[in-house]
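Enquirer: Sequence first, predicted coordinates after that:
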2 protein chains.
Amino acid sequence: MRKGNRLLAAGWKAGSARDFLGLNDQESALVELKLSLVTAVREARRKHGLSQTDLAQRMRSSQSRVAKIETGDKSVSLDLIVRALFAAGATRRELQRALAGTA
Amino acid sequence: MRKGNRLLAAGWKAGSARDFLGLNDQESALVELKLSLVTAVREARRKHGLSQTDLAQRMRSSQSRVAKIETGDKSVSLDLIVRALFAAGATRRELQRALAGTA
DNA sequence: GCGATCTATGTCATTTCGGACATACACTGC
DNA sequence: GCAGTGTATGTCCGAAATGACATAGATCGC
């Protein structure tokens, strides 16, 4: 939790996301993918000046869910992350860029 | 189902994926996103000379699930699609390209 | 300090998803 | 025509995800 990645404290663990427990290539690829998108969600949300509550309404969810999304809670699906991203006003192109991100 | 998009016969409907029933922008964006990826899954699988059964094993799933993925069954999550994509040997970069696709 | 706003975390009831199995269909070589 | 292979579809049940609520922490202006 120290360097940079404060994200995913509970749940996914940080770092390269593979070293921490038996994740094979495919699994870690997915986890890291989610990581990138989760970051993009918060950025998109803030960029558009929305609170978690605002975003929650836009996507017909709840503030607590949005918080879980952004903290990388393991109960959050990729579907929900992407929905959040779109609801936060991100375009498909931005999604694409986010994907190119940190990896 | 005629022109090109034979995909998603049952379930999501085809075409621009929005016109067919009350989907707002966000919803249709997600559906179309899934569409692109689903196509990518089949391509990746074939490119690597795998049968649905083969891919199923790689991702510890079943042939029927893979079939459902590729036909756009609505019981299939984005998570599963992406897992299939990685299991089929696609890289993150390819995923990114797929995202740029047809839209 | 207090209210207001924003975010994080835990829990729970309901919904949705997923693997497995059965079965059907399509095509191919024999 | 039949066996073999690949794909599609329906169903079931256990597992995971989701929204909602409660509540706590963290800032900030006053």
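Expert: Structure received. Just so it is clear, the model here is predicted, and its values are computed rather than measured.

Enquirer: so residue A:45 makes contact with residue A:90?
Expert: No. Checked against CB atoms under 8 Å, the pair residue A:45 and residue A:90 is beyond contact range at 9.1 Å. Placement of C-beta: from N, CA and C, glycine included.

Enquirer: so which helix or strand takes in whichever residue of chain A sits closest to DNA strand D?
Expert: Closest residue of chain A to DNA strand D, CB to the nearest atom of the strand: residue A:64 (2.9 Å). Under the criterion of DSSP states H and E, residue A:64 resides in helix A:63-70.

Enquirer: Report whether that helix contacts chain B.
Expert: No. Where contact is defined by CB under 8 Å from any CB of the partner chain, no part of helix A:63-70 touches chain B; the two come within 13.7 Å at best.

Enquirer: Do any residues in that helix lie close to DNA strand C?
Expert: Yes. Contact between helix A:63-70 and DNA strand C, assessed by CB under 7 Å from any atom of the strand, occurs at A:63, A:64, A:67, A:68, A:70.

Enquirer: and the residue nearest to residue A:77 when sequence neighbours are not counted, how many neighbours does it have?
Expert: Closest residue in space to residue A:77, ignoring its immediate chain neighbours: residue B:79 at 5.4 Å, by CB to CB, 6 or more residues apart in numbering or on different chains. When neighbours are defined as other CB atoms under 10 Å in any protein chain shown, residue B:79 has 17 of them.

Enquirer: Quick one: residues contacting residue B:79.
Expert: Residue B:79 makes contacts with A:30, A:77, A:78, A:79, as judged by CB atoms under 8 Å, 6 or more residues apart in numbering or on different chains.

Enquirer: Same list (those residues) but as CSV, adding pLDDT.
Expert: CSV is the format used below for these (pLDDT from 0 to 100):
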residue, pLDDT
A:30, 93
A:77, 98
A:78, 98
A:79, 97
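
Enquirer: Point out the residues in chain A that sit beside DNA strand D.
Expert: By the rule CB under 7 Å from any atom of the strand, the part of chain A lying against DNA strand D is A:59-65, A:74-77, A:79-80.

Enquirer: Pick out the most distant pair among these.
Expert: In terms of CB to CB, those reach their longest pairwise distance at A:60 and A:74, which sit 22.1 Å apart.

Enquirer: Assign residue A:81 to helix, strand or coil.
Expert: The three-state assignment at residue A:81 reads helix, by DSSP: H, G, I helix; E, B strand; the rest coil.

Enquirer: That one - how many residues pack around it?
Expert: Counted with other CB under 10 Å, the neighbours of residue A:81 add up to 22.

Enquirer: One more: the one 4 residues further on?
Expert: Close neighbours of residue A:85, defined as other CB under 10 Å, add up to 28.

Enquirer: Over to residue A:58?
Expert: 19.
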